[in-house]
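Novice: below are the sequence and a predicted model; questions follow.
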Amino acid sequence: MFSRAAVALSALFLLSACGTTMKLEDFKSTAPTLQLEDYFEGSSKAWGLFEDRFGNVRTQFWVDIQGTWDGTTLVLDEDFLYANGDTEQRTWTILKTGPNTYEGQTENVIGVATGETSGNAFNWRYDFNLDVGDGDIWKVHFDDWMFLQKDGVLLNKARVKRWGITIGTVFISFTKDPAKAEQPVAYNDPANEAGNQDTLTAAIRRSAER
């Protein structure tokens with residue numbers, strides 16, 4: 001019995017190791033169709049968290065996003081509010097380079113981010129210089145996947161890697177629902193009992209250090 005179980009587990013491991021790379025073409029027939037400029041033009045809101053490589057939630061956050069589209073370029077102004085009360089701002093400038101392809105830049109991205117949509121999916125990849133303090137800069141890689149659902153919900157999962165090793169995962173849920181987007185955000189964890197003591201940058205650094 002033990003031998004049979006060991007063989008089954010080995011096979012499962014090999015299958016998972018070989019089959020965990022998603023392909024955009026797998027989603028080409030999946031609806032609703034996602035186009036970044038259609039979704040992000042105007043106002044949207046997002047709620048997210050960062051989970052370290054051990055499965056611990058290191059930070060939670062909320063984002064207010066304002067998008068402008070001029071026919072070729074999408075500009076996203078993002079205002080972050082973290083559970084510990086810290087705030088952060090980031091602006092993405094995203095150029096549409098083809099019917100389903102994009103290139104983007106923001107502060108600390110190395111070169112350009114490249115992305116492509118297919119069906120309801122979008123894959124966004126880029127290298128990022130992460131300022132971890134004390135003059136130290138870490139080069140990390142983001143492999144970012146988004147999936148559009150009905151009713152304007154967009155689900156996002158991004159793996160963060162350093163030296164090819166996953167150090168954590170970001171999960172985000174976006175909404176275009178005006179009623180939900182206008183609801184005030186209140187984090188009921190003033191003592192940080194849930195471990196919400198970090199910004200996203202600090203959470204990634206702590207995850208890699210452990």
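Specialist: Sure, I can see it. Source: prediction; values computed, not measured.
Novice: which is the next helix or strand following the helix or strand of the chain with the lowest mean pLDDT?
Specialist: Lowest on mean pLDDT, DSSP states H and E among the helices and strands of the chain sits helix 2-18, with a mean of 36. As assigned by DSSP states H and E, the chain's next helix or strand after helix 2-18 is helix 36-40.
Novice: what lies in contact with that following helix?
Specialist: Contacts to helix 36-40, defined as C-beta atoms under 8 Å, 6 or more residues apart in numbering, come from residues 65, 67, 69, 74, 76, 94, 96, 102, 115, 117, 122, 148, 152, 154, 174, 176. Yep, even glycine has a C-beta here, placed from its N, CA and C like the rest.
Novice: how far is it from where the chain is centred?
Specialist: 16 Å (C-alpha atoms, centre = their mean, to the nearest Å).
Novice: tell me which element the residue nearest to the spatial centre of the chain falls in.
Specialist: The centroid of the chain falls nearest to A158 when counting by C-alpha atoms, centre = their mean (4.0 Å). Secondary structure assignment for A158, by DSSP H and E: strand 153-162.
Novice: mind listing what that strand pairs with, with the direction of each?
Specialist: With DSSP bridges as the test, strand 153-162 is paired with strand 136-148 (antiparallel), strand 165-175 (antiparallel).
Novice: where in this protein is pLDDT low?
Specialist: 1-20, 177-210 (pLDDT under 70).
Novice: tell me how many other residues crowd the closest residue to L34 other than its chain neighbours.
Specialist: Using C-beta to C-beta, 6 or more residues apart in numbering and skipping the chain neighbours, the partner closest in space to L34 is L148 (4.0 Å). Using other C-beta atoms under 10 Å, L148 has 23 neighbouring residues.
Novice: again with the one 5 residues further on
Specialist: When neighbours are defined as other C-beta under 10 Å, V153 has 14 of them.
Novice: so it touches S173, yeah?
Specialist: Yes. V153 lies in contact with S173 (C-beta atoms under 8 Å); the separation is 6.6 Å.
Novice: residue contacts, the residue nearest to the centre of the chain?
Specialist: W124, F142, D143, D144, W145, T169, V170, I172.
Novice: so which strand or helix has T93?
Specialist: strand 87-96.
Novice: just checking: what are the partner strands of the helix or strand that that strand is followed by?
Specialist: Later in the chain than strand 87-96, the nearest helix or strand by DSSP H and E is strand 101-105. Strands that pair with strand 101-105, judged by DSSP bridges, come out as strand 87-96 (antiparallel), strand 109-118 (antiparallel).
Novice: can I get the first one as PDB, trimmed to CA atoms?
Specialist: In this case it means strand 87-96. The C-alpha coordinates for strand 87-96 follow below in PDB (Å, rounded to 0.1, in the frame of the first residue of the first chain):
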ATOM      1  CA  THR A  87      -0.800  55.200   1.800                       C
ATOM      2  CA  GLU A  88       1.100  54.800  -1.500                       C
ATOM      3  CA  GLN A  89       0.600  56.100  -5.000                       C
ATOM      4  CA  ARG A  90       1.500  54.600  -8.400                       C
ATOM      5  CA  THR A  91       0.900  55.600 -12.000                       C
ATOM      6  CA  TRP A  92       1.000  53.100 -14.900                       C
ATOM      7  CA  THR A  93       1.300  54.200 -18.500                       C
ATOM      8  CA  ILE A  94       0.200  51.400 -20.800                       C
ATOM      9  CA  LEU A  95       0.600  51.500 -24.600                       C
ATOM     10  CA  LYS A  96      -1.600  49.300 -26.700                       C
END
